[in-house]
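# After the sequence you'll find the predicted model.
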Amino acid sequence: MRLERRRNVELLKANAPAIGTRIIIPESSNFNRTISDAVLNDPVASAHVSIIGGHLYGSTPAPYPLAVSKGKEVWMTENLALNTDWDGSLQTARRYTTA
């Protein structure tokens, strides 16, 4: 995982200036912060990122103080809800509006 973190940091530093739009990273499963923490802790790489995004399969939304302290938006980009009846939908809505 250490190599993957370094590659993401170096990729952003080398290529992000040419992209010309906002960048979202890392789109990790269970909102794993390993890659995004490495990027956020590198001032050059972090400067090229606007949004920290992740998937919430099997995890619960939680504050991300490091991302917020760096001025980044934090997005949940995917989720899986298996209980889709009325009660389940209300539970899912409560889960994400009270996080």
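It's in.

# Distance check, residue 48 against residue 29.
Here residue 48 is placed at a distance of 23 Å from residue 29 (Cβ to Cβ, to the nearest Å). C-beta here means a position set from N, CA and C on the backbone, and glycine is covered the same way.

# who's more crowded, these two?
Between residue 48 and residue 29, residue 48 has the larger neighbour count (other Cβ atoms under 10 Å), namely 18 against 13.

# any idea how far that one is from residue 12?
5 Å.

# shared neighbours of the two, anything?
Listed as contacting both residue 48 and residue 12 by Cβ atoms under 8 Å, 6 or more residues apart in numbering are residue 23.

# Sketch out the strands for this protein, chain order is fine.
Here the chain has its strands, by DSSP state E, at 24-28, 51-55, 73-78.

# I'd like the ones you listed laid out as a markdown table, including distance to residue 62.
Converted to a markdown table, these look like this (distance: least, Cβ to Cβ, whole Å):
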| stretch | distance to residue 62 |
| --- | --- |
| strand 24-28 | 13 |
| strand 51-55 | 10 |
| strand 73-78 | 10 |
